[in-house]
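Enquirer: Fold the following.
(2 chains, ligands or ions: 2)
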Amino acid sequence: MSEVSASILVVDDDQINRMVLAHDLEQEGHRVTAVEDGGSALEALRDGRFDVVLLDVLMPELDGYETLAQIERNEKLRHVPVIMVSALEDIESVVRCIELGAADYLPKPFDPVLLRARINGCLTKKRLHDLELEYIEQVGHVVDAATAVENGSFTAESLDAVAARDDALGRLARVFRRMAREVTAREQALKQEVAQLRIEIDAGRAATQLAEITETDYFQDLLRKAHELRERPE
Amino acid sequence: MAKIISMHSFRGGTGKSNMTANVATLLAAEGQRVGVVDTDIQSPGIHVLFGMNQETMSRSLNDYLWGRCEIGAAAYDVTSSLEDGLAGRVFLIPSSSDASDIARVMRDGYDVALLNQGVRELMRELELDALIIDTHPGLNEETLLSIAICEALAIVLRPDQQDYEGTSVAVSVARKLGVPRMVLVVNNNPAAFDSAEVKERVENAYQCEVAAVLPHSDELMILSSRGIFALRYPHHPVTALYRQVAACLTA
Ligand SMILES: Nc1ncnc2c1ncn2[C@@H]1O[C@H](COP(=O)(O)OP(=O)(O)OP(=O)(O)O)[C@@H](O)[C@H]1O
Ligand SMILES: [Mg+2]
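Expert: Numbers count the residues shown, from 1 in each chain, chains lettered A, B, ... in the order given. Ligands and ions are numbered 1, 2, ... in the order given. The predicted structure is shown next:
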């Protein structure tokens, strides 16, 4: 049994080949979907999630090269590793497939040991690639969170998934989330303070102060002259 | 005729001198001839904003008030220290920052009426469009005089409990003295206080128009009176608010 169970798409126009491959792979604990031509393969890829594709080179209508080319052109399918399967021994065909983006090459008739090694190799690479994609996506969440903090729409839950990571990115997300919460709490506390902004004036005391100023001779004199002072034409 | 504008605050350190210097400069940028008189004889300061010091100040308001010179002799054209190609002019009549001069004023006082005469002379002699008086905080005699003679008065306050009561006294005094136009200016508003909200509450409390609510600004604080903010930061929101105050006082 393989360490990980994968979902594998087998594409071959020959029924015997399909059965042999499916049998071997199921023995390894993988889930297998087998189709007989390139068109059905593309359809299956669009509908389901596959970890690896085993693709026969020589098939009527849509052959392996064209099917591979279409997979590589498709943004959503490109990341699925394709192992080309063929009785063709010529090196040129192998080179062409690799150039088109194939992950590996498997000669017919199948050697079960080689089959297992190639499948496992591809799965390992894909897993790393998936992790990398997930990492980039989660870094994106942290960047989004920073934008959200700036425009006041941040919710702490938006970082839960990233914060659950046990690596440096997880720590970054946890620290970020905590700081953002603190800032929000402080802003809210201040907002409440503002609501309490009250202009308290002790009317009695203000009146006393006013009287102390206005009852002086100086002020009374000024009062008499104020109008004249201001109006005096120059 | 020139317009006399008094910049006042009940408490010290509210930002009067910066407000005066910036409003004066912005008016000069529009082409006006503006005089600035520092009547804060006990703690003068606005000359610093215009790049002057005690050494470059051979005459001051004090000399005039003590009968040592004509007021015109204490007027400095500081326009060239501001910005090349400023359309108008700024003249500063500084107060002496010499310790013994300050001590003498505190001890002997001076004839406040002379201040009024001096202001009139300046307006005529320098053909001013506006004259701004940077006052001493509180409500002493020269401050009362500057309120009595001005056509427009701005009372600067901070959103601070310490400022509220005194400001209400100042507003009442100005009303009694029949100041034709009076506005409040809230300065140093903390970022957490919504300025529209502050404006509304202050207007309600004093039944007086608020010309602007200026936020606390780190840039302004760091400039620390070493220059005119509006020239250093022409596109800063605080500059726009200084301009708003200038427009309000000269309307
Ligand atoms: N909106 C603001 N944000 C930050 N700092 C400010 C603001 N307004 C003024 N300041 C700072 O406050 C200090 C006092 O300002 P200023 O000297 O203009 O006040 P003042 O009312 O003239 O003081 P005084 O009563 O001592 O004459 C200065 O250091 C100035 O830079
Ligand atoms: Mg001052």
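
Enquirer: can you tell me the helix or strand for the residue nearest the centre of chain A?
Expert: Among the residues of chain A, the one closest to the centroid is residue A:137, at 2.0 Å (Cα atoms, centre = their mean). According to DSSP states H and E, residue A:137 maps onto helix A:112-150.

Enquirer: Can you list the low-confidence ranges for the chain?
Expert: Here I'm looking at chain A. By pLDDT under 70, the low-scoring segments of chain A are A:1-3, A:88, A:232-234.

Enquirer: Let me rephrase: I mean chain B.
Expert: For chain B, the stretches with pLDDT under 70 are B:1-2.

Enquirer: Alongside ligand 1, which residues does it contribute?
Expert: For chain B, the residues in contact with ligand 1 (Cβ under 6 Å from any ligand atom) are B:9, B:12-18, B:40, B:43, B:45, B:137, B:187-188, B:214, B:216-217, B:220-221, B:224-225. Every C-beta, even on glycine, is put in place using the N, C-alpha and C of the backbone.

Enquirer: Next step: those restricted to helices.
Expert: Among these, the ones falling in helices (DSSP state H) are B:16, B:17, B:18, B:220, B:221.

Enquirer: Show me what from the stretch 151-251 of chain B comes close to ligand 2.
Expert: Residues of the stretch 151-251 of chain B lying close to ligand 2 (Cβ under 5 Å from the ion): none.

Enquirer: which of the residues of chain B next to ligand 1 are buried?
Expert: Buried members of the residues of chain B next to ligand 1, scored by 16 or more other Cβ atoms under 10 Å in any protein chain shown, are B:9, B:14-18, B:40, B:45, B:137, B:187-188, B:214, B:216-217, B:220.

Enquirer: Angles on the backbone of the residue of chain A found nearest ligand 2, please.
Expert: Per Cβ to the ion, residue A:213 is where chain A lies closest to ligand 2, at 21.0 Å. Backbone torsions for residue A:213, taken as degrees, to the nearest 10, come to phi -80, psi -50.

Enquirer: Find the nearest non-adjacent residue to it, please.
Expert: Nearest residue to residue A:213 in three dimensions, chain neighbours excluded: residue B:139, at 5.4 Å (Cβ to Cβ, 6 or more residues apart in numbering or on different chains).

Enquirer: tell me the contacts of that neighbour?
Expert: A:213, B:10, B:169, B:170, B:173 (Cβ atoms under 8 Å, 6 or more residues apart in numbering or on different chains).

Enquirer: As CSV, those with distance to residue A:144 and neighbour count would be great.
Expert: CSV is the format used below for the contacts of residue B:139 (distance: Cβ to Cβ, whole Å; neighbours: other Cβ atoms under 10 Å in any protein chain shown):
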residue, distance to residue A:144, neighbour count
A:213, 60, 18
B:10, 49, 24
B:169, 53, 23
B:170, 51, 30
B:173, 56, 24
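
Enquirer: Looking at these, which one is closest to ligand 1?
Expert: residue B:10 (10.0 Å; Cβ to the nearest ligand atom).

Enquirer: so who does the closest one touch?
Expert: Residues in contact with residue B:10 (Cβ under 8 Å, 6+ apart) are B:137, B:138, B:139, B:155, B:157, B:163, B:166, B:167, B:169, B:170.

Enquirer: now do residue A:108
Expert: Contacts of residue A:108 (Cβ under 8 Å, 6+ apart): A:17, A:85, A:86, A:87.

Enquirer: same thing but 6 Å
Expert: By Cβ atoms under 6 Å, 6 or more residues apart in numbering or on different chains, the residues touching residue A:108 are residue A:87.

Enquirer: hang on, the earlier thing: name the residues that touch the next helix or strand after the helix holding residue A:137?
Expert: Downstream of helix A:112-150, the next assigned helix or strand under DSSP H and E is helix A:160-163. Identification of contacts with helix A:160-163 by Cβ under 6 Å, 6+ apart yields A:138, A:141, A:170, A:173, A:174, A:177.
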